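Participant: next comes the sequence, and after it the predicted model I'd like to discuss.
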There are 2 protein chains.
Amino acid sequence: MYSQAEENYLKTIYALEKDFSNEVSTNLIASKIKTKASSVTDMLKKLANKDLVIYKKYQGVYLTELGRLSALKVIRKHRLWESFLVQKLQFNWDEVHEIAEQLEHVKSELLINKLDAFLRYPKLDPHGDPIPDAHGRIILSKTMSISDMKIGSAGTLVGVKDSSATFLKYLNKKNLALGDKIKVIDIEPFDNSYHIETKTHRLVITSNVADNLCLKNVK
Amino acid sequence: MYSQAEENYLKTIYALEKDFSNEVSTNLIASKIKTKASSVTDMLKKLANKDLVIYKKYQGVYLTELGRLSALKVIRKHRLWESFLVQKLQFNWDEVHEIAEQLEHVKSELLINKLDAFLRYPKLDPHGDPIPDAHGRIILSKTMSISDMKIGSAGTLVGVKDSSATFLKYLNKKNLALGDKIKVIDIEPFDNSYHIETKTHRLVITSNVADNLCLKNVK
DNA sequence: ACAAATATTTAGACAAATCTAAAATTATAT
DNA sequence: ATATAATTTTAGATTTGTCTAAATATTTGT
């Protein structure tokens, strides 16, 4: 199978294709993976040789079907392990990313399928991200980021785009958790900050934060 | 911390010190780890530089206290993961070694301690080997291998020296499992084979097999 | 359109871990 | 005791993934 480095590139390219365009640039990958552009170029050539990506010099890169499926396998493992850590080992949602980064590279189809069964086939990980099934099928629920909502609209917090410990600890501190109902009270045009309200309290968040909160059933 | 390769060497040296003498030879390590003697020499120098082993050219190697504790940490992780795989994910005892070889290198003290708690602090892994605690303390129960027993003596099967899938599958086929009471009926001097008896059946095993079965409470 | 800025690739080096082949050391056998 | 065998180490090469610095291509601003 693929090396850990290769798997990390696949996962990263998949995520960047989602967040940005279908063609992902060398520098974008480099900054995500915290490495140098030259290293990325080297790796892209290797991935292209293995038919995991389509790569044209200076033109960026995108995943082939094989690459996409391989990326989804890694993502499936990452999210199942995160679910295990939170549900079974009582980790907090802001502590699991680093560990799952390691666990996701353990090689055994049987292991991951048994883990899936043990967790009762969860559909979402602790950050609200969908978990691909054994065939790489993934349910993309239609969510809306707070930064796309209008004053007066409300919905349920079901996911976060940024699942770094920093951001998650911020949400903990502000008493925001998945499942909370959130209403947009006001948008300040000057700095684009959002005044929001939950069942228990009101607060102001920056547009950056608003952008990273995904709600469903927005009305 | 230490690399996967370093951890594998530490674990191997620890096991060989147990099974053989305190000084372990280059070739012995090479054959256990399935690599070349020259590679072992290189690594031993590296481990010696990190004060994990005492190494004198041509004289073999042994663990320092630091090396022993580091080895025990890896062994603790390996055995806890094996226990998890068997107890929680319903793996058979002959399927878990390879996967645990990967899982044992995941770095997080918190993870392994939480896993330990989740499993209710098991004392023995699925092969009857003792699991070191968080401080590297290990309970060495006094067991006897069948090859050291006399005709007429009996005991309870509590461990296997060889936990390769091949050997474990052999035991499955012969209907031998941990916890079984085993009695030595006869020893054939010609080929050193052992005639043994369990609650349910009798069988003949070679001296090699007898050597790998550990019994406790032998009388 | 074209100079300057930015992005990307190439070339060459490096560290970790391994290997082969040759040299050095230690063990063994007569 | 010494030649032969076995073991171990050294020297130099290889692979993977990374890096820096220089070269090349693309984009941007005027």
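Facilitator: Arrived safely, thanks for sending. As the structure is a computational prediction, the values presented were derived from the model and not from experiment. Residues are numbered from 1 along each chain as shown, chains lettered A, B, ... in the order given.
Participant: quick check: the residue of chain A nearest DNA strand D.
Facilitator: Per CB to the nearest atom of the strand, residue A:3 is where chain A lies closest to DNA strand D, at 2.9 Å. Yep, even glycine has a C-beta here, placed from its N, CA and C like the rest.
Participant: who are the contact partners of the closest residue to residue A:207 other than its chain neighbours?
Facilitator: Of all residues not flanking residue A:207 in the chain, residue A:192 sits nearest, at 3.9 Å (CB to CB, 6 or more residues apart in numbering or on different chains). Neighbouring residues of residue A:192 by CB atoms under 8 Å, 6 or more residues apart in numbering or on different chains: A:147, A:206, A:207.
Participant: may I see the PyMOL selection of the buried members of these?
Facilitator: Buried members of the contacts of residue A:192, defined by 16 or more other CB atoms under 10 Å in any protein chain shown, are picked up in PyMOL with:
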select buried, chain A and resi 147
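Participant: among the contacts of residue A:192, find me the one that's closest to DNA strand C.
Facilitator: The closest of the contacts of residue A:192 to DNA strand C turns out to be residue A:207 (CB to the nearest atom of the strand; 22.4 Å).
Participant: so that closest one sits against residue A:193, correct?
Facilitator: Yes: because the distance of 6.6 Å satisfies CB atoms under 8 Å, residue A:207 is recorded as touching residue A:193.
Participant: now the angle from the longest helix belonging to chain A to helix B:65-87?
Facilitator: With DSSP state H setting the assignment, residue counts place helix A:65-87 as the longest helix in chain A. If you take axes from the mean of the first three to the mean of the last three CA atoms, to 10 degrees, helix A:65-87 sits at 100 degrees to helix B:65-87.
Participant: which parts of helix A:65-87 are buried?
Facilitator: Neighbour-count burial for helix A:65-87 flags A:67-68, A:70-86 (criterion: 16+ other CB under 10 Å).
Participant: dump that helix to CSV, restricted to CA.
Facilitator: Output of helix A:65-87 as CSV, limited to C-alpha atoms (Å, rounded to 0.1, in the frame of the first residue of the first chain):
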residue,chain,number,x,y,z
GLU,A,65,-10.7,8.2,-9.0
LEU,A,66,-8.1,5.9,-7.5
GLY,A,67,-6.6,8.8,-5.6
ARG,A,68,-10.0,9.9,-4.4
LEU,A,69,-10.9,6.5,-3.1
SER,A,70,-7.5,6.1,-1.4
ALA,A,71,-7.9,9.5,0.2
LEU,A,72,-11.4,8.5,1.5
LYS,A,73,-9.9,5.3,3.0
VAL,A,74,-7.5,7.4,5.0
ILE,A,75,-10.2,9.9,6.0
ARG,A,76,-12.5,7.0,7.0
LYS,A,77,-9.8,5.6,9.3
HIS,A,78,-9.0,9.1,10.8
ARG,A,79,-12.6,9.8,11.6
LEU,A,80,-13.4,6.3,13.0
TRP,A,81,-10.4,6.5,15.3
GLU,A,82,-11.4,10.0,16.4
SER,A,83,-14.9,8.6,17.2
PHE,A,84,-13.3,5.8,19.1
LEU,A,85,-11.1,8.1,21.2
VAL,A,86,-14.1,10.3,22.1
GLN,A,87,-16.8,7.7,22.5
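Participant: that one: what's the following helix or strand?
Facilitator: Per DSSP states H and E, the first helix or strand lying C-terminal to helix A:65-87 is helix A:97-103.
Participant: is that next one positioned near DNA strand D?
Facilitator: No: interface with DNA strand D: helix A:97-103 contributes nothing (CB under 7 Å from any atom of the strand), its closest point being 12.6 Å away.
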